[in-house]
Structure formats: C-alpha cells, structure tokens
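Undergrad: Return atomic coordinates for the entry below.
(chains A and B)
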Amino acid sequence: MSNSTIQIDLKLDLVLERTVDVPREIVWSAWTQPELLKKWFVPAPWSAVDCELDLRPGGIFRTVMRSPEGQDFPNAGCFLEIVPKEKLVFTSALGPGYRPAIRGSKTGSGDELHFTAVITLEAQGTRTKYTAIAIHGDEASAKKHEEIGFYQGWGAALDQLVALAKTL
Amino acid sequence: MPNQQAAQLNRVFHGLADPTRRAVLERLSSGPAAVSELAEPFKMSLPAFLQHLEVLEQCGLVKSRKTGRVRTYRLTPRPLKAAESWLEKQHKIWNRRLDQLDTLLAELKEHKS
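TA: Presented below is the predicted three-dimensional model:
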C-alpha cells in the first residue's frame, strides 16, 4: 500500500525540488506539527491562523487562512499516505474520512481547483532533499472518484483523482 | 477566482486529462488537420476517437469546420493559455510557501544547535 503510483503530467502538475542544510527530522517536523506548519504554509501577506493535522490515512488536514483584510477561509482536506520522515500525501479533493469535498462550498482561498500534494524527503548526509509535487485534476475526475468510491487502495485513488498519462 | 474562470479551467483540465487528447493537441499545435489524419496514430475505434475530439471541442481547446465530407480541426490556444497562467500562479504560491519553509527550517536548526 505504501507504493502508491503517481503519474506526473507537466501540463497539469508542479514539481518543486529543494535541498536544505537541515536534518530530515526537522523537515518532517515542519510538515507535520501544526504549530510549525502554521508558520510557513500560507504565503504572506496571507497567514494561517489555525491548523489541525491528523497523521493517518483519511485523517484531517485543516488550515484556516486569513486574508490581509482579516477574512478567514477554512480548508479541510485529508491525508492519503504517511511514511514517517519519508513521504506525505494529502489532498484537498477529499475531506476527513475520505468524504469527497464539494468544490466551492467552503473554499475561498482563490484556489478552487482541487490538488493532491506528494511530499518526499530524502536524507543526504546531514542535508535533506525534499520534493513537493502538486497534482491537479478537474471536477469531472473528482466526481468519477466519488462514484467509484474509495476502496481501491491509495494508488488507485490517486489515479482516479487526476486522470493522467505520462510517467515521470 | 471568479466562478466563470474556474469553470473554464475545469473544462480545460478535463480536456488535458487524457493522453489521447493531449497527443491530438500536440499534433494540432503544428497546424490544422483532418479527422482521418488525427485518428491515424491511435489504435482505437473511430467512434471512440471522435468522442475525444468532441470533448476537446466542448472544452474550447479546438474548433472544427466541415468542408464537403472532410472535418478539419484547429487549435484554439486561449483556454490553454489561461490554464498555463493559472499553473504559473500556483507555481509562485508554492515557491513562496517553500521559501518560508526554508527560512523556518534554518531557524529551527539554529535553535537546536
């Protein structure tokens, strides 16, 4: 189950890779501890005023973003896969417990298309290389996902979320 | 993002979310082509292929014109441009986010040592 398949299409997806001179444990903490994630996850001048992370498949990934004007926008997605210190997969297309999210109901961050993020961490001596992949899909593929249900394993789930083709 | 724009992006992403359709778009980027020519590289039934063309047209990514018995397709790049600039914006957001992460990581490391 931990070997989920991810297919990248550069017309739809983003791949960001960075190497930091920081041990992997610290990078993992920054991604998985709410108090730390709040400090960086929302690009300024927006800010994160609340954050809840339940590090289990189907567990909540909730942030409340505050606009520069002081308006709050809650977002609740869920985790799909967690491999401690190695890999983190979460999506905005499914809420806690894999319940399909309805687009436009509670969003408002200006980012109304769903995404799934795949974060991988790799230790390189005392440094860490981390890769963030954001895969995007359309509403139709999310609906298809909803119809099929979420019982085919995470790999299949990701395939349903984004219909895609080329392998990186 | 206005809803209309989101709806358009949704359509474009739907159009792009299939390898056959992407291959057709790539072919059309070098100029208009007739159905028979577009279908040729694919091992699928013509009706199945025509469905892909229909999706592309509904998404606004291509336009078709019938002359006699031949239907010709051409690319309509504007929606694709919209999708590209959306993706570009997301890229900036992620970059800013990761810049902030790297700043925090440096602080955490300092704190620890």
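
Undergrad: Just the strands from chain A, written as ranges.
TA: A:14-20, A:47-53, A:60-66, A:72-83, A:87-91, A:115-124, A:127-136 (DSSP state E).

Undergrad: highest average neighbour count across those strands?
TA: Among those, strand A:87-91 has the highest mean neighbour count (mean count of other CB atoms under 10 Å in any protein chain shown), at a mean of 22. For every residue, glycine as well, the C-beta is placed using N, CA and C.

Undergrad: shaky segments in chain A?
TA: For chain A, the stretches with pLDDT under 70 are A:1-5, A:10, A:102-112, A:138-168.

Undergrad: would JSON lines of the strands of chain A with distance to B:Ser45 be doable?
TA: Formatted as JSON lines, the strands of chain A follow (distance: least, CB to CB, whole Å):
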{"stretch": "strand A:14-20", "distance to B:Ser45": "35"}
{"stretch": "strand A:47-53", "distance to B:Ser45": "48"}
{"stretch": "strand A:60-66", "distance to B:Ser45": "42"}
{"stretch": "strand A:72-83", "distance to B:Ser45": "35"}
{"stretch": "strand A:87-91", "distance to B:Ser45": "34"}
{"stretch": "strand A:115-124", "distance to B:Ser45": "32"}
{"stretch": "strand A:127-136", "distance to B:Ser45": "30"}
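
Undergrad: Relative to chain B, which of those strands is closest?
TA: Nearest of the strands of chain A to chain B, taken as CB to the nearest CB: strand A:14-20 at 5.4 Å.

Undergrad: name the helices or strands packed onto the closest one?
TA: strand A:127-136, helix B:78-112 (3 or more CB pairs under 8 Å, 6 or more residues apart in numbering or on different chains; DSSP states H and E).

Undergrad: Could I get the ones you listed in TSV, plus columns for distance to A:Cys51?
TA: Below are the helices and strands packed on strand A:14-20 laid out as TSV (distance: least, CB to CB, whole Å):
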stretch	distance to A:Cys51
strand A:127-136	17
helix B:78-112	14
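
Undergrad: Most tightly packed of those?
TA: The most buried stretch of these, if neighbours are counted by mean count of other CB under 10 Å, is strand A:127-136, with a mean of 20.

Undergrad: Do any residues in that one lie close to chain B?
TA: Yes: Strand A:127-136 is in contact with chain B by CB under 8 Å from any CB of the partner chain, via A:Ala132, A:Ala134, A:His136.

Undergrad: How about stretch A:74-85?
TA: No: Stretch A:74-85 stays clear of chain B (CB under 8 Å from any CB), getting no nearer than 13.3 Å.

Undergrad: quick one, phi psi at the closest residue to A:Ser67 other than its chain neighbours?
TA: Leaving aside its chain neighbours, A:Ser67 sits nearest to A:Trp46 (6.0 Å; criterion: CB to CB, 6 or more residues apart in numbering or on different chains). Reported as degrees, to the nearest 10, the phi and psi values for A:Trp46 are phi -70, psi 160.

Undergrad: surely A:Trp46 meets A:Val64?
TA: No: contact criterion CB atoms under 8 Å: A:Trp46 and A:Val64 do not qualify, at 10.7 Å.

Undergrad: what pLDDT does the closest residue to chain A within chain B get?
TA: Nearest residue of chain B to chain A: B:Pro19, at 3.3 Å (CB to the nearest CB). pLDDT for B:Pro19: 84.

Undergrad: For A:Phe61, name its beta-bridge partners.
TA: A:Leu53, A:Gly77 (DSSP bridges).

Undergrad: My guess is it contacts A:Ala76. True?
TA: Yes: A:Phe61 lies in contact with A:Ala76 (CB under 8 Å); the separation is 7.2 Å.
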